[in-house]
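*Asks:* Pasting a predicted model and its sequence here:
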Amino acid sequence: MKSAARSALLEALPDAARAAVESLAAAATRRGLAIHVVGGPVRDFLLGRPVLDADLVVEDRIPGAALELARSALPDAKITSHGRFGTVRIDVPDARLDLATVRSEHYAHPGALPIVAAGSLDDDLRRRDFTVNALAVPLTPRAREGRAPIIDPTGGEKDLAGRTLRILHPRSFHDDPTRALRAARFAARLGFTLAREARAALRDALRDGAFGRVSGDRIRRELEKLFDDAALGTDPAAALRLLDDWHVLAALEPGLRLPRAAMAPLRRLGRSLAAPPWPAPRVRRLSAGLAVWLAPLDAELRKRALQRASVRGDAADRVAAFPKVRDAALREFTRARGRGAIDAALGGLGDEELLALLAYAAPTPRRRILRYAVEDRPKRIPVGGDDLAAVGLTGAGIGRALARIRAAVLDGRVRSREDALALARELGRRPRTGRARPPLTAPEGPRREGG
Ligand code: ATP
């Protein structure tokens, strides 16, 4: 297999990605440039795992070379270029390709973004996080000249076989502490262990305070990837457990940990993200993950953790409020009679909160949450605000009546538009005596479109 690494790796790619990579390789050959598949796809290919995307480097020192090559090889593809070194993203129908020119990196101070300069393929592989991610497969004849079928300057193949994450130099975590978060993610995903020297290097970086200097945006992006991995079947609790055991969480924010009470819910959330119980294509996995992870911590620490990871705005507010929302919803479930009451209790929650709630619920409430999300939430009622205004309701009375009609529809007491209008008329005639027990969140009229 090794000698045929190039063709076997290309075979492993989705069809459109393979065709695009072949076109890039042909264009590079015409220019006399060497081009390689590098990093994650080589690792995953050698492990026999699915290769979903391709990272490529072209050996050219001219910034902008990657963009020029991509445009000439793939004139019809969607190509975007970013960064001073002109890294190029190419979207093909079934995958994403990243193409860069080879480069070297160094760090002005620990935790800073790297200073990037043109370099050789060897520099490019040696700037990487782990030996198993520092492998390249040459694609062009020029790239293969005098070289092994797999270029492995740091012993990555041996570490793949030993299922080990080994850093490339002792100050790797000082340079970029986010590599510890990557290590936990790869360890959880691939079942690898962090090499003994890497553990020692991590301890040194922790001792020297390297983690305090990492920006919130970088932490958030790594946590995003950690919860995105759950969609591919990795248990998010496993990666967070490692980060806790390694004392990385507390180094990011004093007191931060993975509470034992969050572990089983995180595992359940992971399963929901891998096999969504209802269609939620735009679910923010990070928000659902943080809601579940941070719920057992005290409110002050939860807020600090969100601030540290630069999670702001509505997403942060919802994660911060989740434990209260969860407790109120689960309490409501014990008294709610009928589907209408459940709908009113859960009506203001987004997919992220519903998934987090599901992760914490016992089997009976779980079934009710699922029935709500799958069957009841998408239901539309047969009348709108204008219909109610036409029968004489006004102002806030319209909102209240819509909520009552919705509950009656879900409970099966209103089956047609006529029934709904009759109930509306009755509500319009009835004097308002006190208010029914308020739902968990204010009803928003019939239900915003799209759930
Ligand atoms: P995934 O399967 O999660 O996409 P990947 O290995 O492809 O994993 P990316 O985050 O896409 O990971 O990064 C691509 C490559 O860039 C990695 O394989 C690694 O070689 C290198 N890399 C990414 N982040 C770092 C980092 N913080 N330090 C050093 N090298 C990195």
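*Replies:* Perfect, I can see it now.
*Asks:* ok, which residues in the stretch 151-300 of the chain are in contact with the ligand?
*Replies:* 176, 178-179, 182 (Cβ under 6 Å from any ligand atom). The way it works is simple: take the backbone N, C-alpha and C, and place the C-beta from them, glycine included.
*Asks:* In TSV: these, plus neighbour count, secondary structure and distance to R189.
*Replies:* Formatted as TSV, those follow (neighbours: other Cβ atoms under 10 Å; DSSP: H, G, I helix; E, B strand; the rest coil; distance: Cβ to Cβ, whole Å):
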residue	neighbour count	secondary structure	distance to R189
D176	23	coil	19
T178	19	helix	16
R179	24	helix	15
R182	18	helix	10
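*Asks:* quick one: low-confidence parts of the stretch 301-450 of the chain?
*Replies:* 431-450 (pLDDT under 70).
*Asks:* could you pull out the helices for it?
*Replies:* 313-335, 339-346, 351-360, 363-371, 385-390, 395-410, 417-429 (DSSP state H, counting those that start in this stretch).
*Asks:* and L423, how many residues sit next to it?
*Replies:* 18 (other Cβ atoms under 10 Å).
*Asks:* I figured it hits R415, correct?
*Replies:* No: using Cβ atoms under 8 Å, L423 is not in contact with R415; the gap is 11.1 Å.
*Asks:* what sits opposite H36 in the beta ladder?
*Replies:* Beta-bridge pairing of H36, defined through DSSP bridges, involves V57, P138.
*Asks:* for it, what are its contacts?
*Replies:* By Cβ atoms under 8 Å, 6 or more residues apart in numbering, H36 lies in contact with 56-57, 59, 121, 136-139, 143, 151.
*Asks:* Please produce JSON lines containing those, extended by pLDDT.
*Replies:* Shown next, in JSON lines, are these (pLDDT from 0 to 100):
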{"residue": "L56", "pLDDT": "97"}
{"residue": "V57", "pLDDT": "96"}
{"residue": "E59", "pLDDT": "94"}
{"residue": "L121", "pLDDT": "95"}
{"residue": "A136", "pLDDT": "97"}
{"residue": "V137", "pLDDT": "96"}
{"residue": "P138", "pLDDT": "95"}
{"residue": "L139", "pLDDT": "94"}
{"residue": "A143", "pLDDT": "81"}
{"residue": "I151", "pLDDT": "96"}
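*Asks:* Rebuild these as JSON lines, extending it with distance to G83 and neighbour count.
*Replies:* Converted to JSON lines, these look like this (distance: Cβ to Cβ, whole Å; neighbours: other Cβ atoms under 10 Å):
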{"residue": "L56", "distance to G83": "15", "neighbour count": "27"}
{"residue": "V57", "distance to G83": "14", "neighbour count": "24"}
{"residue": "E59", "distance to G83": "18", "neighbour count": "20"}
{"residue": "L121", "distance to G83": "19", "neighbour count": "20"}
{"residue": "A136", "distance to G83": "20", "neighbour count": "27"}
{"residue": "V137", "distance to G83": "24", "neighbour count": "24"}
{"residue": "P138", "distance to G83": "24", "neighbour count": "23"}
{"residue": "L139", "distance to G83": "22", "neighbour count": "24"}
{"residue": "A143", "distance to G83": "23", "neighbour count": "23"}
{"residue": "I151", "distance to G83": "24", "neighbour count": "20"}
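*Asks:* how about a markdown table for those, with distance to A309 added?
*Replies:* Converted to a markdown table, the contacts of H36 look like this (distance: Cβ to Cβ, whole Å):
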| residue | distance to A309 |
| --- | --- |
| L56 | 31 |
| V57 | 31 |
| E59 | 37 |
| L121 | 35 |
| A136 | 33 |
| V137 | 35 |
| P138 | 39 |
| L139 | 38 |
| A143 | 40 |
| I151 | 36 |
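*Asks:* ok, N133 - contacts?
*Replies:* Counting by Cβ under 8 Å, 6+ apart, the residues that N133 touches are 39-40, 43, 156.
*Asks:* quick one on the thing from earlier: got the helices of the stretch 301-450 of the chain as JSON lines, with distance to the ligand columns?
*Replies:* JSON lines is the format used below for these (distance: least, Cβ to the nearest ligand atom, whole Å):
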{"stretch": "helix 313-335", "distance to the ligand": "22"}
{"stretch": "helix 339-346", "distance to the ligand": "34"}
{"stretch": "helix 351-360", "distance to the ligand": "22"}
{"stretch": "helix 363-371", "distance to the ligand": "30"}
{"stretch": "helix 385-390", "distance to the ligand": "47"}
{"stretch": "helix 395-410", "distance to the ligand": "42"}
{"stretch": "helix 417-429", "distance to the ligand": "50"}
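*Asks:* most packed of these?
*Replies:* Stretch with highest mean neighbour count among the helices of the stretch 301-450 of the chain: helix 351-360 (a mean of 24; mean count of other Cβ atoms under 10 Å).
*Asks:* And the residue of this protein that's closest to the ligand?
*Replies:* The nearest approach of the chain to the ligand comes at G40, 2.3 Å away (Cβ to the nearest ligand atom).
*Asks:* average model confidence for stretch 245-264?
*Replies:* Per-residue pLDDT over stretch 245-264 has a mean of 98.
*Asks:* give the contact list for L67.
*Replies:* L67 neighbours (Cβ under 8 Å, 6+ apart): 79, 81, 86, 88.
*Asks:* what would those look like in a markdown table with secondary structure?
*Replies:* Formatted as a markdown table, the contacts of L67 follow (DSSP: H, G, I helix; E, B strand; the rest coil):
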| residue | secondary structure |
| --- | --- |
| I79 | strand |
| S81 | strand |
| G86 | coil |
| V88 | strand |
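*Asks:* State the pair within the residues you listed that is farthest apart.
*Replies:* Spatially, the most separated pair among the contacts of L67 is I79 and G86, at 11.0 Å (Cβ to Cβ).
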